[in-house]
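Peer 1: Following is a predicted model, sequence given first.
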Amino acid sequence: MFFVLSKVVWFVLSPVNLAILLAGLSGLLAFTRFARPARWIGLISLIALGLMAFSPLPRIVLRPLEDRFPQQDARKGPVTGIVVLGGAIGVARGDVVMNSSAVRMTKAVELARLHPQAKIVFTGGAANLISEATVTEADGAKLLFEGLGLDPARLILEDKSRNTRENAAFTRRLVDPKPGERWLLVTSAWHMPRSIGVFRKAGFAVEAFPVDFWSSGEPDDFIRPYSRAPRALEIADNGFKEWVGLLAYRLAGYTDELFPGP
């Protein structure tokens, strides 16, 4: 129920979607007796889209999330296993496709080569709400990892999870980690606080290995506007989603902290 509700609610409350829906509502009301409030609704939606598309707002929203866990030295060992969260890969026309978070996958391959004794665990099923998928993210991960030369015997693929909470719970049951083992968790830096929170709640002691940074880490992150609206809107949407997700997961009891840290 939580999965379905989260998908439906976020479709409406996603800042970009909400601004577009409000703009559409404004257009409809413009030809009615509510024309005056329609103009205000249209103006507010336009300002919101402008701030997300061309101002430093996306970086301001994202930066605290990305600063929460420090970067690590990839060569530091030993490593028992590397857990890679889905959200970056899929399969289309029988081949691998990746989105703007593809570095989750490429960093996993780099870590696998630096630590040849480590297991490689990928967790990600199909998060489709309307149609039933015939392939999963895990299928894409298998194609990619084996295509790049990783030994199939090292791979552990979890293909049932649909969200971060299920990533943690299903992976914990699948790998059964032992005390004293060192497991790295690889996901986007902006997604790491929520991810660490649910893995801790699931009783899986993982070590944060953040990748896929979308802010530069420089002081001008807070003043530098974007020049490409589509990229800025994507970053803004992901940033706001993570903050809402942190609150929702805490209220649902999926994490013990509102803003998990090191």
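Peer 2: Okay, I see it.
Peer 1: In which helix or strand does Phe209 reside?
Peer 2: Here Phe209 sits within strand 207-211, counting by DSSP states H and E.
Peer 1: Can you pull the poorly scored residue ranges out of the stretch 51-200 of the chain?
Peer 2: Residues of the stretch 51-200 of the chain meeting the criterion pLDDT under 70: 129-133.
Peer 1: Where do the strands of it begin and end?
Peer 2: 81-85, 89-92, 95-98, 119-123, 155-158, 183-188 (DSSP state E, counting those that start in this stretch).
Peer 1: Where is the longest helix in the chain?
Peer 2: For the chain, the helix that runs over the most residues, judged by DSSP state H, is helix 229-252.
Peer 1: So which residues make contact with that one?
Peer 2: When contacts are defined by Cβ atoms under 8 Å, 6 or more residues apart in numbering, helix 229-252 is touched by residues 2, 6, 10, 13-16, 49, 52-54, 57-59, 61-62, 65, 100, 164-165, 190-191, 193-194, 197-198, 214, 226, 255, 257-259. All C-beta spots, glycine's among them, are computed from the backbone N, C-alpha and C.
Peer 1: now swap in stretch 210-227 and tell me
Peer 2: Outside stretch 210-227, the residues that touch it by Cβ under 8 Å, 6+ apart are 53-56, 58-60, 62-63, 66-67, 69-72, 88, 101, 103-104, 107, 186-190, 192, 232, 235, 238.
Peer 1: Which ones among those lie within helices?
Peer 2: Per DSSP H, helices hold the following members of the contacts of stretch 210-227: 53-54, 58-60, 62-63, 66-67, 103-104, 107, 192, 232, 235, 238.
Peer 1: Weed out the non-buried ones from these.
Peer 2: The neighbour-count criterion (16 or more other Cβ atoms under 10 Å) marks 53-54, 58-59, 62-63, 66, 103-104, 107, 192, 232, 235, 238 among those as buried.
Peer 1: Can I get those residues in TSV including distance to Val206?
Peer 2: Formatted as TSV, those follow (distance: Cβ to Cβ, whole Å):
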residue	distance to Val206
Ala53	35
Phe54	37
Pro58	28
Arg59	27
Leu62	22
Arg63	23
Glu66	18
Val103	18
Arg104	14
Lys107	15
Met192	10
Ala232	31
Ile235	25
Asn238	21
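Peer 1: now the end-to-end length of stretch 198-216.
Peer 2: Start-to-end span of stretch 198-216 (Cα to Cα, to the nearest Å) is 27 Å.
Peer 1: List the buried residues in that stretch.
Peer 2: Neighbour count says stretch 198-216 has 198-202, 204, 206-215 buried, by 16+ other Cβ under 10 Å.
Peer 1: nearest to Arg33, of these?
Peer 2: Closest to Arg33 out of these is Trp214 (44.3 Å), distances taken as Cβ to Cβ.
Peer 1: State the helix or strand in which Arg39 lies.
Peer 2: With elements taken from DSSP H and E, the one containing Arg39 is helix 35-54.
Peer 1: ok, back up a step: most packed of the strands of the stretch 51-200 of the chain?
Peer 2: strand 81-85 (a mean of 26; mean count of other Cβ atoms under 10 Å).
Peer 1: Number of residues surrounding Gly147?
Peer 2: Per other Cβ atoms under 10 Å, the neighbour tally for Gly147 reads 11.
Peer 1: For Thr171, see how far away it is.
Peer 2: As defined by Cβ to Cβ, to the nearest Å, Gly147 lies at a distance of 23 Å from Thr171.
Peer 1: quick one, the strand holding Phe209 and strand 183-188 angle?
Peer 2: Interaxial angle of strand 207-211 relative to strand 183-188 (axes from the mean of the first three to the mean of the last three Cα atoms, to 10 degrees): 30 degrees.
Peer 1: Many thanks, we can stop here.
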